[in-house]
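Student: A predicted structure for the sequence below; I have some questions about it.
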Amino acid sequence: MNKFKIVPVSKAYAQKIRLKMQDDFGHQVTKKIAVGAGPCRVSLSPLTKVLINGSY
């Protein structure tokens, strides 16, 4: 059986995205109010208020 592992993005990468508001593929990222359940991409804890969408 394959093992599935969820790995967070690094704090440095998340900070770079927040500063540039652009991902490594050149796509603009957007800030949205988080609604519903989902994990933070860095801490993997539940989302609180702001979600930044991007490709990685």
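Tutor: Yep, that arrived.
Student: quick one: the helices in this structure?
Tutor: All helices of the chain, identified by DSSP state H, fall at 11-20.
Student: remind me which residues of it are low pLDDT?
Tutor: 48-56 (pLDDT under 70).
Student: so how many other residues sit close to Leu44?
Tutor: 11 (other C-beta atoms under 10 Å). Every residue, glycine included, has its C-beta placed from N, CA and C.
Student: now the closest residue to it other than its chain neighbours: how far from Arg41?
Tutor: Among residues not flanking Leu44 along the chain, Pro8 sits closest, at 5.3 Å (C-beta to C-beta, 6 or more residues apart in numbering). According to C-beta to C-beta, to the nearest Å, Pro8 and Arg41 sit 6 Å apart.
Student: neighbour count winner among those two?
Tutor: Arg41 (19 against 14).
Student: where exactly do the strands run in this structure?
Tutor: Along the chain, the segments classed as strands by DSSP state E run 30-33, 50-53.
Student: buried ones in stretch 25-33?
Tutor: By 16 or more other C-beta atoms under 10 Å, the buried positions in stretch 25-33 come out as Val29.
Student: figure out the length between the terminal residues of that stretch.
Tutor: Length of stretch 25-33, first residue to last, C-alpha to C-alpha, to the nearest Å: 23 Å.
Student: chain center to that stretch, what's the gap?
Tutor: Remark: stretch 25-33 is offset 10 Å from the chain centroid, using C-alpha atoms, centre = their mean, to the nearest Å.
Student: with stretch 7-16 instead?
Tutor: With C-alpha atoms, centre = their mean, you get 8 Å for stretch 7-16.
Student: ok, residues contacting that stretch?
Tutor: For stretch 7-16, the surrounding residues in contact (C-beta atoms under 8 Å, 6 or more residues apart in numbering) are Cys40, Arg41, Val42, Ser43, Leu44, Tyr56.
Student: how about that stretch: buried residues?
Tutor: Buried, per 16+ other C-beta under 10 Å, within stretch 7-16: Ala14.
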